[in-house]
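S.K.: no letters, just coordinates:
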């Protein structure tokens, strides 16, 4: 079997690795998600090796998104906001826009080789196994795994990279064709934020390898991004026994975050009550008014800078002082919901979102991106107002 594996590897070149485990032969095709050559190689391997099953680095939602042209039009923004998933959706857009930008320069749509794998398998009546972890779980695990400052660093670093229009040399294009684009992006961020590489790459290596092990059949072709191949092979060689449900769980928010989330409003309310009891109701009223203005004005200014709907600006002003007193919902989500209600994005804006995402000026023109802009700027205003109000009121207790 070993000699047979070598023959297959030599036949297709360095992008194909073959391993044997428990009487099963795994033919792993390492691809770049924006490479036409990868798509052609995938088709050739499946047609010539005629495997019992084809495993693909996709989950149900990513497969649906790739195979359907109206992937963004189907978004239910109001539900996403209600479930407080705007930040997760934004990470998804960051990754999709990054791949789209590179794909446009290479002339190939992101995920072409994965779709080619499913189409070729279907044409040859070969069962398909979607072997990747659900993308929403991956993104939410990544988001929950980062601290507040790491999230800020990721968003600013990721957005800055998207807005740069670097010239791609032939050498760089050749390098990109030989690598998984998601891995390329994660390598750039990995040094600064190792937690992202762990969740987005390492955990998925393990997940995909375990799914491959569980696939039916003796000969299995697995189509994965080149950046996953080494990790998958290491998983097989080390004979790891992993419980998938352990890496399918979304980690709970840190207890410290919850404590701080409730402690700040408790201190503020307690301080105003204490000021009222010790210095009089008028003084307490002044502090309560300061809290209201300190939160309402920055949040409303954030909505104004985003050129939000007038009602959104007004609601941001009145909502922020109250949402800042509870960690259950933030001012940004309230403002985003109102913005969607009064200025819902149209179909063409959903269709162009991954292109417009790379152009800063379009964030004020594309109504979908404006929702994100409103969310970010009103949230930032509320955070600033909360800390200004907190320190002012607490300091007044000791005067």
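M.R.: Looks like it came in fine. Keep in mind the model is a prediction, meaning the values are calculated, not measured.
S.K.: now residue 324. Nearest residue, chain neighbours left out?
M.R.: Distance criterion Cβ to Cβ, 6 or more residues apart in numbering; nearest residue to residue 324, sequence neighbours excluded, is residue 386 at 4.6 Å. Bear in mind the C-beta positions are built from the backbone N, C-alpha and C, glycine included.
S.K.: and the one you found, how many neighbours?
M.R.: Neighbours of residue 386 under the rule other Cβ atoms under 10 Å: 24.
S.K.: secondary structure class for it?
M.R.: With DSSP: H, G, I helix; E, B strand; the rest coil as the basis, residue 386 sits in helix.
S.K.: you'd agree it is up against residue 295?
M.R.: Yes - in this structure residue 386 lies within contact range of residue 295 using Cβ atoms under 8 Å: 6.3 Å.
S.K.: for the residue nearest to residue 324, report the pLDDT, please.
M.R.: With respect to pLDDT, residue 386 has a value of 92.
S.K.: which residues sit in contact with it?
M.R.: For residue 386, the contact set (Cβ atoms under 8 Å, 6 or more residues apart in numbering) comprises 264, 294-295, 324.
S.K.: where does the stretch 201-350 of the chain dip in pLDDT?
M.R.: By pLDDT under 70, the weakly predicted segments of the stretch 201-350 of the chain are 239-240, 253-254, 257, 347.
S.K.: can you list the residue ranges for strands in it?
M.R.: Assignment of strands within the stretch 201-350 of the chain using DSSP state E, counting those that start in this stretch yields the ranges 219-225.
S.K.: for it, what spans make up the helices?
M.R.: Listed in chain order, the helices of the stretch 201-350 of the chain (DSSP state H, counting those that start in this stretch) span 203-214, 226-237, 255-279, 281-305, 310-323, 331-342, 347-351.
S.K.: what is in contact with residue 386 and residue 295 at once?
M.R.: Counting by Cβ under 8 Å, 6+ apart, the shared contacts of residue 386 and residue 295 are residue 324.
S.K.: before we move on, the earlier item: ok, and the most crowded of the contacts of residue 386?
M.R.: Using other Cβ under 10 Å as the contact criterion, the top neighbour count among these goes to residue 295, which has 29 neighbours.
S.K.: that one contacts residue 316, doesn't it?
M.R.: No - Residue 295 is beyond contact range of residue 316, at 9.7 Å (criterion: Cβ under 8 Å).
S.K.: okay, and the common contacts of those two?
M.R.: By the contact definition Cβ under 8 Å, 6+ apart, residue 295 and residue 316 are jointly contacted by residue 331.
S.K.: excluding its backbone neighbours, what's nearest residue 62?
M.R.: Nearest residue to residue 62, sequence neighbours excluded (Cβ to Cβ, 6+ apart): residue 135, at 5.2 Å.
S.K.: check residue 244 too.
M.R.: Counting by Cβ to Cβ, 6+ apart, the nearest residue to residue 244 once its immediate chain neighbours are dropped is residue 210, at 5.7 Å.
S.K.: and that neighbour, how many neighbours does it have?
M.R.: Neighbours around residue 210, by other Cβ under 10 Å: 18.
S.K.: what about the host helix or strand of residue 129, distance to the chain center?
M.R.: Take DSSP states H and E as the rule and residue 129 turns out to sit in strand 128-130. Strand 128-130 has its average C-alpha position 23 Å from the chain's average C-alpha position, going by Cα atoms, centre = their mean, to the nearest Å.
S.K.: what helices or strands is it leaning on?
M.R.: Contact here means 3 or more Cβ pairs under 8 Å, 6 or more residues apart in numbering; DSSP states H and E; on that basis strand 128-130 packs against strand 53-56, helix 112-123.
S.K.: I would like the residues contacting the first one, please.
M.R.: The set of residues external to strand 53-56 that reach it, using Cβ under 8 Å, 6+ apart, is 46, 63, 114, 117-118, 120-121, 126-132, 208, 211-212, 215-217, 220-224.
S.K.: now do the very next helix or strand once past it, average pLDDT.
M.R.: Next in sequence after strand 53-56, counting helices and strands by DSSP H and E, comes helix 60-67. What helix 60-67 shows for mean pLDDT is 77.
S.K.: for helix 60-67, packing partners?
M.R.: Contact analysis of helix 60-67 by 3+ Cβ pairs under 8 Å, 6+ apart lists helix 112-123, helix 135-145 as its packing neighbours.
S.K.: of these, which is nearest residue 379?
M.R.: helix 135-145 (14.4 Å; Cβ to Cβ).
S.K.: the inter-axis angle of the closest one versus helix 60-67?
M.R.: Relative orientation of helix 135-145 versus helix 60-67 (axes from the mean of the first three to the mean of the last three Cα atoms, to 10 degrees): 120 degrees.
S.K.: quick check: mean pLDDT of helix 135-145?
M.R.: The average of the pLDDT scores along helix 135-145 is 79.
S.K.: which helices and strands sit right next to that helix?
M.R.: Secondary-structure packing of helix 135-145 (3+ Cβ pairs under 8 Å, 6+ apart): helix 60-67, helix 86-106, helix 194-197, helix 203-214.
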